[in-house]
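Asker: sequence first, then the predicted structure, then my questions.
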Amino acid sequence: MNWDYIAGFFDGEGTVGKYSESGYKIGISQSHKGVLKDIQNFSGVGNIHLIKKRKLHWKDAWIYYIAKQEDVYFFLTHILNGLIVKKERVSEIIPELKINAENSKKRRQKHLANKKMAKDLRERGCSYREIGKRLGIDWGYARRLIMDLS
């Protein structure tokens with residue numbers, strides 16, 4: 001398994017599409033789960049889901065799916081040079097994906113910082129409402145941060 005193989009496979013069987021105002025998703029469907037599992041193991045990103053057959057004579061199929069923006073960016077930048085059919089489309093969306101990935105990373109860092117601060121304030125005896133006010137977040141969100149439900 002290598003990125004060129006994955007690029008060729010994606011060129012033939014894959015799709016990339018918008019799923020929100022600025023978000024993208026990747027899908028590769030296939031009736032042979034093993035090759036999708038190999039791609040997932042090699043790339044280290046994405047999930048595989050069963051697609052139930054809709055007609056009796058059809059085979060069950062599987063879809064390798066990536067929606068996390070950082071992972072979509074990672075995947076597409078690694079296969080870009082090996083693409084032929086989808087190269088232009090992928091080249092157009094990579095700059096937007098880079099911004100999405102950076103924003104996602106910043107949100108995750110802020111979430112982790114809030115989580116650490118919320119737990120620290122709770123250990124000092126602050127109420128959820130007080131923690132929310134200090135961090136500028138909803139008290140329910142502060143509670144979820146502390147309880148690891150977020």
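Answerer: Received it, and whenever you're ready, just let me know what you need.

Asker: how many residues are close by residue 90?
Answerer: 23 (other CB atoms under 10 Å). Using the backbone N, CA and C atoms, a C-beta is placed for each residue, glycine as well.

Asker: right, I mislabeled it, should have said residue 124
Answerer: 9.

Asker: just the element for the residue located most distally from the centre of the chain, please.
Answerer: Centroid-distance maximum for the chain: residue 125 at 36.3 Å, with CA atoms, centre = their mean. Here residue 125, judged by DSSP states H and E, is contained in no helix and no strand.

Asker: then residue 54?
Answerer: Residue-wise, residue 54 maps onto no helix or strand under DSSP H and E.

Asker: pull the number of nearby residues for it.
Answerer: So residue 54, with other CB under 10 Å, has 7 neighbours.

Asker: what's the answer for residue 148, then?
Answerer: Look at residue 148: counted by other CB under 10 Å, it has 8 neighbours.

Asker: show me what contacts it?
Answerer: By CB atoms under 8 Å, 6 or more residues apart in numbering, the contact set of residue 148 is empty.
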